[in-house]
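**Q** Sequence first, predicted model second:
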Amino acid sequence: MRPEQESAFAEYVAARRDHVRRTAFLLCGDWHRADDLTQIAFVKLYGAWERVRDRAALDAYVRSCLVRAVVDESRRPWRRERFVEVLPEPDPGGTGSEPDLAEMVADRDLLRVALQEVPPGQRTVLVLRYYEGMDVRQVAEALRCSEGTVKSQTARGLAALRVAVTASRADDQVGQGGDR
């Protein structure tokens with residue numbers, strides 16, 4: 001690769017690394033795996049950098065590499081581990097009035113944990129649709145499937161997410177000693 005291409009690649013990676021890493025985290029639920037998946041996606045991009053003609057399509061190419069890497073990693077037997085126990089948060093003695101920011105963080109954490117309960121294919125569609133902001137056609141192109149598949153996976157994924165959120169909230173209420 002020529003020096004000016006190396007420079008352009010380095011600039012792109014520096015600008016997009018955090019966003020790609022967050023997307024990878026939402027897809028897999030583990031920051032260490034997200035780092036690995038991000039690296040895999042950027043290594044694939046590096047190998048194809050000279051062949052990429054449309055620089056506006058770089059994000060789509062990296063996203064496609066990332067999704068494929070997630071699928072590849074999930075097929076490896078040592079990646080099929082599931083967390084069976086979540087450590088409870090310590091009760092600070094609770095004053096009962098927590099700031100809105102704490103509730104927002106708790107809700108975001110609840111959603112992140114619940115998202116891990118959604119099957120991987122449905123989770124991928126949800127992340128691409130609602131985190132990446134892609135429409136049905138774009139998701140279908142990225143995943144190389146039909147728009148109908150994207151729609152059905154979205155509906156099933158949202159239903160599974162609702163069930164997981166409801167179950168997590170019920171577990172929290174039981175863990176806190178009663179109803180709210």
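**A** Ah, there it is. Numbers count the residues shown, from 1 in each chain.
**Q** residues in contact with the closest residue to G157 other than its chain neighbours?
**A** Nearest residue to G157, sequence neighbours excluded (C-beta to C-beta, 6 or more residues apart in numbering): Q122, at 3.2 Å. Just so you know, the C-beta spots here come from the backbone N, C-alpha and C atoms, and that holds for glycine as well. Counting by C-beta atoms under 8 Å, 6 or more residues apart in numbering, Q122 makes contact with Q153, T154, R156, G157, A160.
**Q** Number of residues surrounding the fourth one?
**A** Neighbour count of G157, defined by other C-beta atoms under 10 Å: 22.
**Q** For the one helix or strand it maps to, which residues meet the burial criterion?
**A** Here G157 sits within helix 147-175, counting by DSSP states H and E. Buried residues in helix 147-175, counted by 16 or more other C-beta atoms under 10 Å: T149, V150, Q153, T154, R156, G157, L158, A160, L161, A164, V165, S168.
**Q** Check the model's average confidence along it for me.
**A** Mean pLDDT, computed over helix 147-175, is 86.
**Q** and what of stretch 66-75?
**A** Across stretch 66-75, pLDDT averages out at 84.
**Q** Output it as CSV, nothing but the C-alphas.
**A** The C-alpha trace of stretch 66-75 is given here as CSV (Å, rounded to 0.1, in the frame of the first residue of the first chain):
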residue,chain,number,x,y,z
LEU,A,66,-18.2,-6.9,11.5
VAL,A,67,-21.5,-8.8,11.1
ARG,A,68,-19.7,-11.6,9.3
ALA,A,69,-17.1,-11.7,12.0
VAL,A,70,-19.8,-12.0,14.7
VAL,A,71,-21.4,-14.8,12.9
ASP,A,72,-18.1,-16.6,12.4
GLU,A,73,-17.1,-16.2,16.0
SER,A,74,-20.5,-17.5,17.2
ARG,A,75,-20.0,-20.7,15.2
